[in-house]
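K.L.:
Provided below for reference: sequence and predicted model.
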Amino acid sequence: MSSDWKFDANIVPIFDEHVRQSVPMYDEIHRLITDISAWFLEDGTNMYDIGTSTGEVLSNISKTYPKKSTTLYGIDNSSEMVEKARERFSQNKNINIDSLDLTKDKYVLENACLITSVLTMQFIPHRFRQNIVNNIYKGLNKGGCFIFVEKVVGSNARFNEMWVEMYHEMKLRNGLTEKHVFEKASAIRGVMRPYTLKENIEMLDNAGFKDIDTFFKWNNFVGFVAIK
């Protein structure tokens, strides 16, 4: 089977349901991101969500902190996802959804108090990833925060085998079939390019971040928080 996974018109209608079946503690991850955001949202600044998909992060932050005059931006390179997110926020003038590919399009992140990216960096080719994180660092104000969640590779072959098998078992418990699990694993070959936990931290450090921690870890899924 070829590596043919795309966030297109076939995926968008089922995305929210699919991701909750496929990502461990998905709603808890988003709750933690929303809670952490309280320390960093500032009036008169910008917040960016890279790989916003249907806008889950933006929706949660907008609803939880309605009195904050922070302008929210969602960025995605899938035209179908952008259309879905724009429809979702059509009545909210404080949320802007931009159709962009940060590996190709010039886009300035500026005056940012917070930048988030949930399960997005892992799909960006390695040759572009460091530069994007460098630009994230540059776009943050001093004291600003980058929160991102990634699927990671185990630190060695033994751990990786354990985490992958436990992850597949979780999917089966959540109602996905063995056929679906196998086909998804085949479809994302060469499309998803995860780093190890250590490699992600090194990427953050190389960009200039020095205050780095993890706020979530479930086997091969990790949430990072980095402060400028």
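P.N.:
On my side now, so go ahead. Bear in mind that the values here come from a model prediction, so they are computed numbers and not experimental data.
K.L.:
return the distance of the top strand by length along the chain from the chain's centre.
P.N.:
Longest strand of the chain, by residue count under DSSP state E: strand 140-151. Distance, stretch centre to chain centre, for strand 140-151: 11 Å (CA atoms, centre = their mean, to the nearest Å).
K.L.:
what pairs with that strand, and is each one parallel or antiparallel?
P.N.:
Counting by DSSP bridges, the strands paired with strand 140-151 are strand 112-118 (parallel), strand 221-227 (antiparallel).
K.L.:
most tightly surrounded among the ones you listed?
P.N.:
Most buried of the strands paired with strand 140-151, by mean neighbour count (mean count of other CB atoms under 10 Å): strand 112-118, with a mean of 25. Using the backbone N, CA and C atoms, a C-beta is placed for each residue, glycine as well.
K.L.:
need the strands for the protein, in chain order.
P.N.:
According to DSSP E, the strands that the chain contains are 46-50, 71-76, 95-99, 112-118, 140-151, 211-218, 221-227.
K.L.:
and the third one with strand 71-76, angle?
P.N.:
Per axes from the mean of the first three to the mean of the last three CA atoms, to 10 degrees, the angle that strand 95-99 makes with strand 71-76 is 30 degrees.
K.L.:
next one: strand 95-99 to chain centre, how far?
P.N.:
16 Å.
K.L.:
and that strand with strand 46-50, angle?
P.N.:
40 degrees.
K.L.:
and the contacts of strand 95-99?
P.N.:
Residues from elsewhere that reach strand 95-99 (CB atoms under 8 Å, 6 or more residues apart in numbering): 52, 55, 58, 62, 71-77, 79, 82, 85-86, 89, 107.
K.L.:
let's see that with 7 Å instead.
P.N.:
When contacts are defined by CB atoms under 7 Å, 6 or more residues apart in numbering, strand 95-99 is touched by residues 52, 58, 62, 72-76, 79, 82, 85-86, 89.
K.L.:
pull the helix or strand with minimum mean pLDDT from this protein.
P.N.:
Scoring the helices and strands of the chain by mean pLDDT, DSSP states H and E places helix 178-187 at the bottom, with a mean of 66.
K.L.:
mean pLDDT and distance to M170 added to the strands of the chain, as JSON lines?
P.N.:
Putting the strands of the chain into JSON lines (pLDDT from 0 to 100; distance: least, CB to CB, whole Å) gives the following:
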{"stretch": "strand 46-50", "mean pLDDT": "98", "distance to M170": "25"}
{"stretch": "strand 71-76", "mean pLDDT": "97", "distance to M170": "26"}
{"stretch": "strand 95-99", "mean pLDDT": "96", "distance to M170": "31"}
{"stretch": "strand 112-118", "mean pLDDT": "98", "distance to M170": "18"}
{"stretch": "strand 140-151", "mean pLDDT": "98", "distance to M170": "12"}
{"stretch": "strand 211-218", "mean pLDDT": "98", "distance to M170": "9"}
{"stretch": "strand 221-227", "mean pLDDT": "98", "distance to M170": "10"}
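K.L.:
turn these into CSV, including distance to V133.
P.N.:
Putting these into CSV (distance: least, CB to CB, whole Å) gives the following:
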stretch, distance to V133
strand 46-50, 10
strand 71-76, 14
strand 95-99, 19
strand 112-118, 9
strand 140-151, 8
strand 211-218, 12
strand 221-227, 9
